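Student: 3D, please:
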Amino acid sequence: MNENNIPNKGLLKRIAELEMQLKKKNEELRNIRNIFLSKIGHEFRTPMNSIIGFSNILAKNNLTTDQKELYLEYINSSSDDLLNLVENMIDLAMLESGQMELNKATCSVNSLFNELYARFNRERHILEKYSVALLMSKSVEENDLVIKIDPLRLKQVLSILISNGLKFTEKGVVEFGYKVNEQNQLYFFVKDSGKGVPEDLQNMIFNSFQKENDDLDNQKSGVGIGLAIAREVVKLMGGDIGFKPNPTRGSLFYFTLPMRKVKVDNESFFLKDNKNNYLFSKGNIAI
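Tutor: Residues are numbered from 1 along each chain as shown. The predicted model follows:
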């Protein structure tokens with residue numbers, strides 16, 4: 001054999017390594033797909049079964065008005081769950097492909113918090129969480145905090161965190177709030193007195209499809225993409241998100257948005273980041 005035709009041993013070794021890496025990556029993708037399909041199948045069936053079941057009951061003629069209203073409430077709640085699942089899947093795909101863009105507008109944080117409180121107080125009753133108190137903490141007086149941000153995405157992140165808090169708390173408190181911290185950051189938090197996150201899962205809770213623990217799942221945790229979406233949206237907004245176990249019981253989730261002081265006139269100032277993504281105003285200043 002001609003010496004020039006002898007394959008380079010180093011090249012063959014590198015090709016073999018790449019083939020092994022490709023095989024491993026394909027196996028990981030298959031595992032993710034299997035986890036996704038098993039979880040998404042369950043998550044689709046649960047609200048669909050509820051919608052179909054209560055719709056069949058509503059077809060009966062011997063129901064009272066109160067019973068009809070209750071069953072319609074269950075149907076509406078299940079429909080919202082189904083729609084939320086589809087929207088989360090689309091959002092995660094857009095985030096991971098870099099196609100999601102922020103639609104910035106002025107937003108009253110206190111008004112947004114009031115809306116979230118009303119929504120999740122209703123959700124608390126639907127879930128029959130009568131032993132759970134929903135608390136709201138606002139560090140700035142009404143209408144005194146206005147920021148320029150994507151209100152829909154801010155609401156989405158907070159909704160994911162509050163919803164998780166309610167799901168995993170059977171008795172106690174779920175509290176959400178905000179403050180401007182010492183680092184001139186807008187600090188949002190959601191804390192609960194629920195079962196908490198197992199120690200072996202605390203380093204992966206913001207990853208997609210990682211909720212494989214049956215005890216954590218318990219038919220409540222969804223497909224494991226909510227916190228992954230929250231992480232990516234906060235990152236898109238230029239902030240950081242984190243988690244801490246509560247000192248007593250439960251969990252504390254938080255995220256921060258960076259800001260700095262900017263002089264406007266002698267009576268007021270704005271806080272915003274160096275990309276002008278967020279605007280903070282004191283004293284009902286119009287933006």
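
Student: where does this protein have low pLDDT?
Tutor: Across the chain, the ranges flagged by pLDDT under 70 are 1-7, 29, 31-42, 141-144, 199-200, 202, 208-224, 247-248, 260-287.

Student: Now for the residue nearest to Pro245 when sequence neighbours are not counted, how many residues are close by?
Tutor: Sequence neighbours aside, Gly196 is the residue nearest to Pro245 in space, at 5.8 Å (criterion: CB to CB, 6 or more residues apart in numbering). C-beta here means a position set from N, CA and C on the backbone, and glycine is covered the same way. Residues near Gly196, counting by other CB atoms under 10 Å, number 18.

Student: again with Tyr187
Tutor: By other CB under 10 Å, the residues close to Tyr187 number 17.

Student: in what helix or strand does it lie?
Tutor: With the criterion set as DSSP states H and E, the secondary-structure element containing Tyr187 is strand 185-192.

Student: Kindly format the C-alpha coordinates of that strand as PDB.
Tutor: These are the backbone C-alpha positions of strand 185-192, laid out as PDB (Å, rounded to 0.1, in the frame of the first residue of the first chain):
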ATOM      1  CA  GLN A 185     -32.000  47.100  41.600                       C
ATOM      2  CA  LEU A 186     -35.700  46.500  41.400                       C
ATOM      3  CA  TYR A 187     -36.000  43.300  43.400                       C
ATOM      4  CA  PHE A 188     -39.100  41.000  43.000                       C
ATOM      5  CA  PHE A 189     -39.800  38.000  45.200                       C
ATOM      6  CA  VAL A 190     -42.200  35.200  45.700                       C
ATOM      7  CA  LYS A 191     -42.000  33.100  48.900                       C
ATOM      8  CA  ASP A 192     -44.100  30.300  50.200                       C
END
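
Student: Could you check how far that strand is from the centre of its chain?
Tutor: How far strand 185-192 lies from its chain's middle: 13 Å, per CA atoms, centre = their mean, to the nearest Å.

Student: Could you list the paired strands of that strand along with their orientation?
Tutor: Counting by DSSP bridges, the strands paired with strand 185-192 are strand 172-180 (antiparallel), strand 251-258 (antiparallel).

Student: Those into TSV, with extra columns for mean neighbour count?
Tutor: What follows is the strands paired with strand 185-192, written out as TSV (neighbours: other CB atoms under 10 Å):
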stretch	mean neighbour count
strand 172-180	19
strand 251-258	21
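
Student: Tell me which of these sits nearest to Ala105.
Tutor: For Ala105, the closest of the strands paired with strand 185-192 is strand 251-258, at 15.2 Å, according to CB to CB.

Student: Need the contact partners of that closest one.
Tutor: By CB atoms under 8 Å, 6 or more residues apart in numbering, the surrounding residues in contact with strand 251-258 are 147, 149, 157, 161, 164-165, 168, 181, 183-192, 194, 196-197, 230, 234, 237-246, 273-274, 277-278.

Student: Could you check how far Asn8 is from Gly177?
Tutor: Look at Asn8 and Gly177: by CB to CB, to the nearest Å, they are 63 Å apart.

Student: quick one on the thing from earlier: so which of the contacts of strand 251-258 are in strands?
Tutor: Using DSSP state E, 147, 149, 185-192, 240-245 are the members of the contacts of strand 251-258 that sit in strands.
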